[in-house]
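A.B. asks: Fold the following.
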Amino acid sequence: MKIGELAQSAGVPIDTVRYYERQGLLPEPERQPSGYRRYQSADVLRLRFVRRAKALGFTLDELRDARLAPIVDFKGRAGKAGQGAA
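C.D. replies: Sure thing, here's the model as predicted:
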């Protein structure tokens, strides 16, 4: 899915997606031959998790903390993004 579809599915603006990528909360997406970013369904789960955690008062630094790694895999595409985040 493209960045606009991801943002809409996760309920965040497109600029937020790009910001979270720069901050290391989302992995750098694959690129289509045209240069468009290509996201996976796991990225929607990550964004929703970050949005909910921020609503609960967590900071971005806290979300990058290694203790949350088992809940959401911020480093790679495959992993545990859907486990425990619901």
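A.B. asks: which helix is the longest one in the chain?
C.D. replies: Scanning the chain for the helix with the most residues, using DSSP state H, yields helix 41-55.
A.B. asks: For the protein, which residues score under the pLDDT cut-off?
C.D. replies: Scanning the chain for pLDDT under 70 picks out the ranges 66-86.
A.B. asks: all strands in it, in order from the N-terminus.
C.D. replies: For the chain, the strands defined by DSSP state E occupy 30-31, 37-38.
A.B. asks: Deepest in the core, which of these is it.
C.D. replies: Highest mean neighbour count among the strands of the chain (mean count of other CB atoms under 10 Å): strand 37-38, with a mean of 16. Where you see a C-beta, it was placed from the backbone N, CA and C, and this is true even at glycine.
A.B. asks: Just list the residues touching the closest residue to residue 30 other than its chain neighbours, thanks.
C.D. replies: Spatially, and ignoring its direct neighbours in sequence, residue 30 is nearest to residue 38 (4.6 Å; CB to CB, 6 or more residues apart in numbering). Under the criterion of CB atoms under 8 Å, 6 or more residues apart in numbering, the neighbours of residue 38 are 1, 2, 29, 30, 31, 32.
A.B. asks: With distance to residue 55 as added columns, please give the residues you listed in a markdown table.
C.D. replies: Shown next, in a markdown table, are the contacts of residue 38 (distance: CB to CB, whole Å):
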| residue | distance to residue 55 |
| --- | --- |
| 1 | 24 |
| 2 | 26 |
| 29 | 24 |
| 30 | 29 |
| 31 | 31 |
| 32 | 32 |
